[in-house]
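In: Attaching a predicted model along with its sequence, questions to come.
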Amino acid sequence: MPGGISKVDGGTITTARGFRAGGTYAGIKTYSDDKMDVGMLLSDTPCAAAGVFTKSSIVSPSVTVNRETLAGGQPIRGLVVNSGIANAGVGEQGYIDAKDMAVIAAGSLGVKPEEVLVFSTGVIGVELPMTLIRSGVEQIELSEDGGNPLARAMMTTDTHPKEVGVTVDISGTEVQIGGVAKGSGMIHPNMATMLCFVATDAAIDQGLLRQMLPEVADYSLNMLTVDGDSSTNDSLVVLANGAAGNPVITAGTPEAEAFKAGLLEVCVQLTRLLARDGEGATHLLVVEVTGARTSEDARVAARTICSSLLVKSAVYGADPNWGRLLAALGRSQAEAVEEKIDLFINGVCIMEAGRPIPFHRDAVVALMRGDEVTFRIALNLGDENATAWGCDLTEEYVVINSAYTT
């Protein structure tokens with residue numbers, strides 16, 4: 001990890017001081033012993049808050065309500081989330097239910113409705129069962145180690161919860177940043193991922209946090225692709241309650257850069273967890289583009305290669321068919337000069353200065369059969385770099401999504 005940042009073993013969103021969370025099973029999803037479907041998070045004190053949301057023209061009313069809440073500028077105290085039903089594509093009732101969900105959660109948390117963010121994820125086109133959500137909220141017991149139940153309550157086709165926590169040295173003060181995320185399919189974000197919540201005990205200026213978050217998303221969750229489909233509910237939010245006691249972090253300071261590095265680390269680690277748990281996935285796919293002329297070229301090239309169905313299929317079959325990488329690079333419209341390109345598969349050079357390099361095919365195939373496959377494409381045109389994360393494409397992905405509602 002970058003200097004001044006250390007990973008917290010067993011870290012989660014409640015790694016940050018002054019936050020409590022919990023989850024329960026309310027009956028929204030089909031029952032199983034370990035299943036949960038409603039969760040909440042509460043800060044002991046008001047939080048500076050920032051969020052980025054889907055750029056889809058069709059959105060869940062939960063996104064609409066959260067945009068309105070954050071636009072108000074008031075501090076945020078907590079959030080509530082349900083899984084199993086997305087509260088999208090249901091007309092005016094969806095907005096009514098999203099607002100009511102905030103009221104229900106606020107009553108249980110002991111705060112105002114305008115201090116609560118609301119999130120839903122699951123099947124589109126089904127109204128929220130508000131009676132079940134109300135009973136679920138009433139059942140939740142919040143605790144300082146409740147990050148895992150919250151992470152479980154967010155899951156849909158995920159096979160396991162995604163949780164990360166880090167400690168960051170901010171000019172001698174240790175601050176904590178923790179996060180949880182959910183997502184396995186319908187992932188090709190235009191802002192973040194399906195749902196991602198981050199909490200920190202750092203004191204930071206809200207305007208700076210809101211300026212910083214989209215930049216962090218662009219180099220982490222916006223570089224994630226599982227299947228090329230974006231969601232109506234994509235949301236990334238950060239809450240900062242200042243419980244660490246550090247002086248308020250302001251723009252243009254070393255403290256701001258240190259905090260941003262920590263926030264980026266949390267989002268990158270959650271991105272990797274999401275990619276590794278893509279629906280039906282057997283390999284984590286990492287695409288590194290270096291030496292691009294512009295940062296946009298680096299990002300678009302990496303994301304295009306990572307989202308290529310041909311590349312993803314080759315990874316599944318451990319097939320070192322590097323021509324597919326070049327084809328995807330070409331159609332990305334990023335500036336590339338064939339005679340300057342170097343290409344590596346798990347560290348093995350396959351192409352140098354635009355010319356194929358003889359390699360031991362069986363050895364590369366063996367490398368590609370590991371859990372993680374990394375392609376590095378050096379454009380050698382400039383100094384900009386970017387990394388994209390994804391997974392292979394398997395038969396299981398089709399099985400999961402051919403029977404999602406049946």
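Out: Sure thing, it's come through.

In: Could you find the closest non-adjacent residue to G354?
Out: E339 (4.1 Å; CB to CB, 6 or more residues apart in numbering). Just so you know, the C-beta spots here come from the backbone N, C-alpha and C atoms, and that holds for glycine as well.

In: quick one: that neighbour from R355, how far?
Out: According to CB to CB, to the nearest Å, E339 stands 8 Å off from R355.

In: Same question for Y219.
Out: As judged by CB to CB, Y219 and R355 stand 31 Å apart.

In: who has more neighbours, these two?
Out: When neighbours are counted by other CB atoms under 10 Å, Y219 comes out ahead of the other of Y219 and R355, with 18 against 10.

In: Quick check: phi and psi on the residue nearest to G354?
Out: In terms of degrees, to the nearest 10, the main-chain angles of E339 are phi -70, psi -10.

In: roughly how far apart are it and W322?
Out: If you go by CB to CB, the gap between E339 and W322 works out to 16 Å.

In: swap in S120?
Out: The gap separating S120 from W322 is 42 Å, by CB to CB.

In: out of everything not next to it in sequence, what's closest to G10?
Out: Nearest one to G10, counting by CB to CB, 6+ apart, is G165 at 7.5 Å.

In: How about the secondary structure of the one you found?
Out: Of the three states, G165 takes strand under DSSP: H, G, I helix; E, B strand; the rest coil.

In: what's the answer for N401, then?
Out: helix.

In: That one is in contact with E279, isn't it?
Out: Yes. In this structure, N401 is within contact of E279 by CB atoms under 8 Å, at 6.8 Å.

In: So for those two, which sits in the more crowded spot?
Out: Each of N401 and E279 has its neighbours counted (other CB under 10 Å); E279 has more, 25 against 16.

In: any idea whether the residue lying farthest from the centre of the chain is helix, strand or coil?
Out: Distance from the C-alpha centroid of the chain peaks at P358, with 38.3 Å (CA atoms, centre = their mean). Secondary structure assignment for P358 (three-state DSSP): coil.

In: swap in T156?
Out: T156 - assigned by three-state DSSP - is coil.

In: Need the pLDDT of it.
Out: T156 carries a pLDDT value of 89.

In: What is the neighbour count of it?
Out: T156 has 22 nearby residues by other CB under 10 Å.

In: I figured it hits A86, correct?
Out: No. Counting by CB under 8 Å, T156 sits too far from A86 to count as a contact (9.1 Å).

In: Identify the contacts common to those two.
Out: Shared contacts of T156 and A86, defined by CB atoms under 8 Å, 6 or more residues apart in numbering, are found at 121-122.

In: could you point out the longest strand in this protein?
Out: Ordering each strand of the chain by length in residues (DSSP state E) puts strand 38-53 first.

In: which non-adjacent residue is nearest V311?
Out: Nearest in space to V311, with sequence neighbours left out and distances taken as CB to CB, 6+ apart, is R324 at 5.0 Å.

In: Surely that neighbour is in contact with L310?
Out: Yes. Counting by CB under 8 Å, L310 is a contact partner of R324 at 4.5 Å.

In: Comparing those two, which residue is more hemmed in?
Out: Set side by side, R324 and L310 show more neighbours around R324, with 20 against 15, by other CB under 10 Å.

In: Mind checking what secondary structure that one has?
Out: helix.

In: Retrieve the pLDDT associated with it.
Out: In the prediction, the pLDDT value recorded for R324 is 96.

In: contacting residues for it?
Out: R324 makes contact with 308, 310-311, 314, according to CB under 8 Å, 6+ apart.

In: Those in helices, which ones?
Out: The helices in this structure, assigned by DSSP state H, contain 310-311, 314 from those.

In: what separates E92 from V126, distance-wise?
Out: From E92 to V126 the distance is 15 Å (CB to CB).

In: which residues does A86 contact?
Out: With contact set as CB under 8 Å, 6+ apart, A86 has these partners: 60, 120-124, 126, 231-233.

In: What segments of the stretch 251-400 of the chain are helices?
Out: 254-276, 295-307, 309-316, 323-331, 361-368, 395-402 (DSSP state H, counting those that start in this stretch).

In: mind showing which ranges of the stretch 1-150 of the chain have poor pLDDT?
Out: Counting by pLDDT under 70, the stretch 1-150 of the chain contains low-confidence ranges at 3.

In: now the strands: where do they sit in it?
Out: With DSSP state E, counting those that start in this stretch, the ranges of strands along the stretch 1-150 of the chain come out as 5-7, 19-24, 38-53, 76-85, 116-123.

In: Out of the ones you listed, which is closest to A298?
Out: strand 38-53 (20.2 Å; CB to CB).

In: What strands line up against the closest one, and which way round?
Out: strand 19-24 (antiparallel), strand 76-85 (antiparallel), strand 235-240 (antiparallel) (DSSP bridges).

In: what separates the last one from the chain centre, distance-wise?
Out: I take that to be strand 235-240. On the basis of CA atoms, centre = their mean, to the nearest Å, strand 235-240 sits 11 Å off its chain's mean C-alpha point.

In: Then the longest one?
Out: Its chain's C-alpha centre and that of strand 76-85 lie 16 Å apart, by CA atoms, centre = their mean.

In: same deal with stretch 14-27?
Out: Centre to centre, stretch against its chain (CA atoms, centre = their mean), the figure for stretch 14-27 is 18 Å.

In: now swap in stretch 284-294 and tell me
Out: Relative to its chain's centre, stretch 284-294 lies at 19 Å (CA atoms, centre = their mean).

In: Tell me the buried residues in that stretch?
Out: Buried residues in stretch 284-294, counting neighbours by 16 or more other CB atoms under 10 Å, are found at 284-293.

In: nearest to G39, of those residues?
Out: Of the buried residues of stretch 284-294, the one sitting nearest to G39 (CB to CB) turns out to be L284, at 26.2 Å.

In: ranking the strands paired with strand 38-53 by burial, who's on top?
Out: Of all those, strand 235-240 carries the top mean neighbour count, a mean of 28, counting by mean count of other CB atoms under 10 Å.
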